[in-house]
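Visitor: Kindly return the folded structure for what I paste below:
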Amino acid sequence: MNRRKIFTIVAVAAGLAVLPVAAQRVAAAHGGGGFAGMHQRMFSHVSAALNLTDAQKVTAKQLIEQTQTQATPLMQEMKQIRTDMEAAVKANNTGQIATLSGRTGQLAGQLAELHGKAMASFYSQLTPEQKAKADELKGGLHASMMRRFGSGGRGGWAGHHGAAN
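Guide: Numbers count the residues shown, from 1 in each chain. Below is the predicted model of the structure:
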């Protein structure tokens with residue numbers, strides 16, 4: 001694996017690790033409620049946009065709760081790794097930096113797997129019309145994020161630091 005790919009993986013993993021903190025700050029800036037409040041607003045928006053049935057809402061909430069329960073220890077470990085990484089950087093402990101970076105990548109992969117499985121389970125329970133609407137919403141969200149954070153290619157944060165896709 002070349003250095004650019006390794007850098008990209010570490011950058012993505014670090015980004016995943018800080019998402020809950022960033023989400024809390026964004027939620028606080030937009031009416032409070034913290035991370036849970038942001039999740040509730042997002043759930044309400046998606047629920048209304050897809051016109052979910054009561055049964056689908058219950059299933060979705062159960063999936064969210066299960067995923068959060070499974071992700072909590074992983075996120076706690078990521079938090080500890082950030083602390084340990086700071087100490088390793090200050091001590092110029094390159095061996096520890098390599099070990100922590102590798103573990104960060106593993107945890108990011110586990111978190112991505114949890115998210116992917118939950119989304120697949122949710123998506124499989126949608127009607128064909130709801131799936132079409134969900135795909136449309138996802139496309140709009142992706143386009144919005146690309147406008148805000150850069151264009152996938154050399155735009156955005158990674159593009160300014162020499163990382164490749």
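
Visitor: show me where pLDDT drops low in this structure?
Guide: Where the chain drops to pLDDT under 70, the residues are 1-36, 140-165.

Visitor: Let's see that with 90 instead.
Guide: 1-47, 49, 64, 133-165 (pLDDT under 90).

Visitor: Determine the longest helix present in it.
Guide: Ranked by number of residues, the top helix in the chain under DSSP state H is helix 54-90.

Visitor: Show me which residues of the helix or strand following that one are buried.
Guide: Later in the chain than helix 54-90, the nearest helix or strand by DSSP states H and E is helix 94-124. Within helix 94-124, the residues scored as buried using 16 or more other Cβ atoms under 10 Å are 100-101, 103-105, 107-108, 111, 114, 118, 122. Using the backbone N, CA and C atoms, a C-beta is placed for each residue, glycine as well.

Visitor: go on, stretch 60-77?
Guide: For stretch 60-77, by 16+ other Cβ under 10 Å, it's 60, 63-64, 67, 71, 74-75, 77.

Visitor: what does it rub up against?
Guide: 17, 20, 39, 43, 47, 52, 103, 107, 110-111, 114-115, 118, 121-122 (Cβ atoms under 8 Å, 6 or more residues apart in numbering).

Visitor: ok so, going back, could I get the buried residues of helix 94-124 in JSON lines, plus columns for distance to residue 132?
Guide: Listed next are these as JSON lines, based on distance: Cβ to Cβ, whole Å:
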{"residue": "100", "distance to residue 132": "43"}
{"residue": "101", "distance to residue 132": "40"}
{"residue": "103", "distance to residue 132": "40"}
{"residue": "104", "distance to residue 132": "37"}
{"residue": "105", "distance to residue 132": "35"}
{"residue": "107", "distance to residue 132": "34"}
{"residue": "108", "distance to residue 132": "31"}
{"residue": "111", "distance to residue 132": "28"}
{"residue": "114", "distance to residue 132": "26"}
{"residue": "118", "distance to residue 132": "20"}
{"residue": "122", "distance to residue 132": "15"}
